[in-house]
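K.L.:
Return a 3D structure for these sequence lines:
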Amino acid sequence: METIAVTGATGQLGSRVARMLAERGVRQRLVVRDPSRAPELDGAEVKVASFEDEPALRAALSGVQTLFMVSAHESRDRMPEHRSAVRAAVAAGVERVVYTSFMGASPQATFTFAREHSLTERLIAESGLRLTALRNSLYADMLPLFVQDGVIRGPAGQGRVAWVARHDVARLAVEALLDPAHADRVYDVSGPEPLDLHESARILSAVTGREIAYVPETDEEARASRAGAEDWQIAGWAGSYQALATGETSVTSHSIEHVTGRRPWGLEEFLRSEPESWRHLAA
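P.N.:
Alright, predicted model coming up:
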């Protein structure tokens, strides 16, 4: 049995993937920054490395054929980290990468980080690695974090998004990791229903028992509300809403159900299944 490497194994998505692989009896290598936070799983060994530490990452990936590459945290320096990670994977002899990308990834994407995901997809493919790109919609557990004082504000207009649960993304990722037939493919990954933010707020209100509303902002109002943050942060925050307004995140795909055989959660199903995601709103 080959060993699958999982980066970001202490994070919300990577840890889910690691646990699901362990349940399937898969031998895996968890690549983490802090070994004390790594999940203790049967068949898993822990290696300490980060994307920016290329020699350590190369050593951690030695002997691995398939890599689950969770994109680095959004930052000013994310692309250099991704370049280092891809070089390390190639040098270590990795053959196939399942990468967590973003819906609408393109050099012309409205969302600045979606442009970075597009660059990373191209980087992986041009390096000779076989790529499976999971172009994920906005994560469902992000919605409660958009709420400030009972209001969701942003320049999303009446745009829609099919919120997707990390749980369902992890299920798809596991199947992609285990079956080489998914190599050289790009999957749009979404929940089952596209919702605008008014509808999303109503569902969140019904589940949490707290009145929550969506107030559309202009681009100028949105940028002014983040005055004091760095330019790249403002552009990324505003762009995540603007991608809804342009329709770039409105895709509703059947990838999860097609590959896993089970439909993904809708927004309300997710909120009721994972109440810790919105517990702070009910406090």
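
K.L.:
Against residue 169, how distant is residue 137?
P.N.:
9 Å (Cβ to Cβ, to the nearest Å). In this view, the C-beta of every residue, glycine as well, is placed from N, C-alpha and C.

K.L.:
what's the overlap in contacts for the two?
P.N.:
residue 189 (Cβ atoms under 8 Å, 6 or more residues apart in numbering).

K.L.:
Residue ranges in this structure under the pLDDT threshold?
P.N.:
283 (pLDDT under 70).

K.L.:
quick one: buried residues of stretch 73-90?
P.N.:
78, 81, 82, 83, 84, 85, 86, 88, 89, 90 (16 or more other Cβ atoms under 10 Å).

K.L.:
So which of those residues are in helices?
P.N.:
Under the assignment DSSP state H, these contribute 78, 81, 82, 83, 84, 85, 86, 88, 89, 90 to helices.

K.L.:
of these, closest to residue 102?
P.N.:
residue 78 (12.1 Å; Cβ to Cβ).

K.L.:
related to what we said a few turns ago, just flag the most distant two among the ones in helices among the buried residues of stretch 73-90.
P.N.:
It's 78 and 90 that sit farthest apart of those, by Cβ to Cβ, at 18.9 Å.

K.L.:
So which residues of the protein form helices?
P.N.:
12-23, 54-61, 78-92, 112-126, 166-178, 197-208, 219-225, 231-245, 255-260, 267-273, 279-282.

K.L.:
helices and strands around the last one, which ones?
P.N.:
Right, the one you point to is helix 279-282. helix 197-208 (3 or more Cβ pairs under 8 Å, 6 or more residues apart in numbering; DSSP states H and E).

K.L.:
you'd agree residue 33 is up against residue 52?
P.N.:
No: contact criterion Cβ atoms under 8 Å: residue 33 and residue 52 do not qualify, at 10.1 Å.

K.L.:
tally of neighbours for residue 62?
P.N.:
For residue 62, the count of nearby residues is 15 (other Cβ atoms under 10 Å).

K.L.:
neighbours around the residue lying closest to it once chain neighbours are set aside, how many?
P.N.:
Distance criterion Cβ to Cβ, 6 or more residues apart in numbering; nearest residue to residue 62, sequence neighbours excluded, is residue 92 at 5.0 Å. Residues lying near residue 92 (other Cβ under 10 Å) number 18.

K.L.:
Can you name the residues that contact residue 92?
P.N.:
Residue 92 neighbours (Cβ under 8 Å, 6+ apart): 57, 58, 59, 60, 61, 62, 63, 64.

K.L.:
can you do 10 Å?
P.N.:
Taking Cβ atoms under 10 Å, 6 or more residues apart in numbering as the criterion, residue 92 is in contact with 5, 57, 58, 59, 60, 61, 62, 63, 64, 65, 67.

K.L.:
Report the contact partners of residue 265.
P.N.:
Per Cβ under 10 Å, 6+ apart, neighbours of residue 265: 140, 163-165, 167-168, 191-192, 256, 271-274.

K.L.:
are any of the residues you listed buried, and which?
P.N.:
140, 163, 164, 165, 167, 168, 191, 192, 256, 271, 274.

K.L.:
Save these as JSON lines, and put in distance to residue 238 too.
P.N.:
Converted to JSON lines, the buried ones among the contacts of residue 265 look like this (distance: Cβ to Cβ, whole Å):
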{"residue": "140", "distance to residue 238": "21"}
{"residue": "163", "distance to residue 238": "19"}
{"residue": "164", "distance to residue 238": "21"}
{"residue": "165", "distance to residue 238": "25"}
{"residue": "167", "distance to residue 238": "28"}
{"residue": "168", "distance to residue 238": "27"}
{"residue": "191", "distance to residue 238": "23"}
{"residue": "192", "distance to residue 238": "27"}
{"residue": "256", "distance to residue 238": "29"}
{"residue": "271", "distance to residue 238": "25"}
{"residue": "274", "distance to residue 238": "27"}
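
K.L.:
Widest-spaced pair of those?
P.N.:
256 and 271 (17.8 Å).

K.L.:
so residue 138 sits right up against residue 169, yeah?
P.N.:
No: using Cβ atoms under 10 Å, residue 138 is not in contact with residue 169, being 11.2 Å away.

K.L.:
out of those two, which sits in the more crowded spot?
P.N.:
Using other Cβ under 10 Å as the criterion, residue 138 and residue 169 rank with residue 169 on top: 26 against 23.
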